[in-house]
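Novice: here is my input; please provide its structure:
(one chain, ligands or ions: 3)
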Amino acid sequence: MGIVFKGGTIINAAETVKADVLVEGEQIVLIGANLPTKGHQVVDAKGKYLLPGGIDVHTHLALPFGGTTSSDDFETGHRAAAFGGTTTHIDFVIQPKGGTLHDGIATWRKKSQIANIDYGYHLAITDLRDEVMNEIPSLLDEGITSLKLFMAYKNVFQIDDTTLFRAMQTAADNGMIVMVHAENGDVVAELTAKLLAEGKTDPYYHAVSRPSTVEGEATGRAVALAGVANCPLYVVHMTCQEAVEQLRLGREKGFPVMGETCVQYMFITADDLKRPNYEGSKFVCSPPVRTKKDHGILWQALRDHTLQVVSTDHCPFWFEGGVNGRIPGKELGKGNFAAIPNGLPAIEDRMKIMWTFGVGEGHFDANRFVELNCTNPAKIFGMYPKKGTISVGADADIAIWDPKKRETVSAATQHMNTDYNIFEGYKLKGLPVAVWLRGQQIVDGEKYLGHNGYGKYQKRSPHAAVL
Ligand code: URP
Ligand code: ZN
Ligand code: ZN
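Specialist: Ligands and ions are numbered 1, 2, ... in the order given. Okay, here's the model as predicted:
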């Protein structure tokens, strides 16, 4: 017995079609008009859209960072993702200092044993010794095709340009892609020390210590090095005009460079960091949230294909860590903005927010929405056409989307394991109401049907698309 999704409208990146979908086992096996239902379970999708399950390629679950650990793990974060229509994500394995890349993978494999949705790994390199360089090609055996380098977080994750360029050369030789966190960490460190010495310690000064020019400079540097190395580059969490301009320039020159922004960078501004009673710390992430003008630049870059993906950089912390025995959170930075754990919760909200405001307010159409949130992530990171599309032979990862359903965002009703939501009070229209992952229903309205261990590790293919 299979499942027939009956009477819905399929939205893929390339087209919108009214058709039924037959799923057998874990895969989509047939798409067509008026498919017979005899012997099959029938899911009534009349008046609804069928979207490919969302793919969030930038997450940090259970990440030790900033003197604590991000508060969602591979169980709670996955459940929240599923309620938001996301069925696959890629998390960042961090190479431990002095350790090997495989040491990092072993740690992440343990964390992932409780996985509820499908997942892959990027490998964040922090220490590129010769033997680590030699280890890179073996990542392909693990299905890891993407290396991440941090150009910021001095004395923590930051690498130098030699390391970045060598990693790019090796990645290019092996059909891999390099991802960068693009901020000039040396300049950030100088500005941070100066601001703190002047007694400027509130959350707002975190943004002052990381101006957009510093992001633009690092973006331009990474783009230029990728051009020299002829290495596919993907700039993560881009926030501002200066960075977008550098990426656009590189693309005009024909360099294989791409970029993402994250949902928060189109809505939150640096003024939110000034909220009283230390509430500004809820919005502290790196690079920082910017200005309304930058929001417009990002929407335009998503429309004109300068940017290819919307992700989340989901890296939540408690606002009131320490309450009820919780792990520490944002309070670690009271009196010192540099000690605020960097990161935000968003994995549950991404698709719902981008639909309501991206499609609902006419920034782009529903097909581009699917392209940015599902299809391009799969293509760029070597999972297409298994993931990211509703097509025959693809995994049956399907979100039934009700374009009329409304909801008001609230931390009180969210599934993310934290005590606030950066979009609190936003009014949404157009929401996932039921979600399948590889043919198994994991969300039915407010009911969660997933379970620990169902999520499958996704081995990814090298030589993926440069879009
Ligand atoms: O503030 C952020 N972005 N935290 C997560 C780590 C990173 O830089 O992506
Ligand atoms: Zn980052
Ligand atoms: Zn990140």
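Novice: ok, Met168 - contacts?
Specialist: Val178, Leu225, Ala226, Ala229, Cys231, Leu233 (C-beta atoms under 8 Å, 6 or more residues apart in numbering). Heads up, the C-betas are built off the backbone N, CA and C, glycines and all.
Novice: so which of these are in strands?
Specialist: Val178, Leu233 (DSSP state E).
Novice: export the contacts of Met168 to JSON lines and tack on distance to Val263 and pLDDT?
Specialist: Below are the contacts of Met168 laid out as JSON lines (distance: C-beta to C-beta, whole Å; pLDDT from 0 to 100):
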{"residue": "Val178", "distance to Val263": "23", "pLDDT": "98"}
{"residue": "Leu225", "distance to Val263": "28", "pLDDT": "98"}
{"residue": "Ala226", "distance to Val263": "25", "pLDDT": "98"}
{"residue": "Ala229", "distance to Val263": "30", "pLDDT": "98"}
{"residue": "Cys231", "distance to Val263": "27", "pLDDT": "98"}
{"residue": "Leu233", "distance to Val263": "22", "pLDDT": "98"}
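Novice: got the contacts of Met168 as JSON lines, with distance to ligand 1 columns?
Specialist: Formatted as JSON lines, the contacts of Met168 follow (distance: C-beta to the nearest ligand atom, whole Å):
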{"residue": "Val178", "distance to ligand 1": "15"}
{"residue": "Leu225", "distance to ligand 1": "19"}
{"residue": "Ala226", "distance to ligand 1": "19"}
{"residue": "Ala229", "distance to ligand 1": "23"}
{"residue": "Cys231", "distance to ligand 1": "20"}
{"residue": "Leu233", "distance to ligand 1": "16"}
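Novice: tell me the spacing between the residue in the stretch 301-450 of the chain positioned nearest to ligand 1 and Glu183.
Specialist: Nearest residue of the stretch 301-450 of the chain to ligand 1: Asn342, at 3.2 Å (C-beta to the nearest ligand atom). Distance of Asn342 to Glu183, given as C-beta to C-beta, to the nearest Å: 11 Å.
Novice: next, show the common contact partners of the two.
Specialist: What both Asn342 and Glu183 touch, as defined by C-beta under 8 Å, 6+ apart, is the set Ser286.
Novice: more neighbours, these two?
Specialist: Between Asn342 and Glu183, counted using other C-beta atoms under 10 Å, the more crowded position is Glu183 (28 against 23).
Novice: in space, what's closest to that one - neighbours in sequence excluded?
Specialist: Ala152 (3.9 Å; C-beta to C-beta, 6 or more residues apart in numbering).
Novice: okay but the one you found is in contact with Ala218, surely?
Specialist: Yes. Ala152 is within contact range of Ala218, at 7.4 Å (criterion: C-beta atoms under 8 Å).
Novice: so what sits against both of these two?
Specialist: What both Ala152 and Ala218 touch, as defined by C-beta under 8 Å, 6+ apart, is the set Ala182, Glu183, Asn184.
Novice: what about the helices in the stretch 351-467 of the chain?
Specialist: 366-370, 376-380 (DSSP state H, counting those that start in this stretch).
Novice: residues making contact with the last one?
Specialist: When contacts are taken as C-beta under 8 Å, 6+ apart, the neighbours of helix 376-380 outside the stretch itself are 13, 55-57, 88, 90, 177, 234, 258, 308-309, 311, 383-389, 464-467.
Novice: for the nearest residue to Arg438 once chain neighbours are set aside, which residues are in contact?
Specialist: Spatial nearest neighbour of Arg438, chain neighbours left out: Glu26 (3.9 Å); criterion: C-beta to C-beta, 6+ apart. Listed by C-beta under 8 Å, 6+ apart, the contact set of Glu26 reads Asp395, Ala396, Arg438, Gly439.
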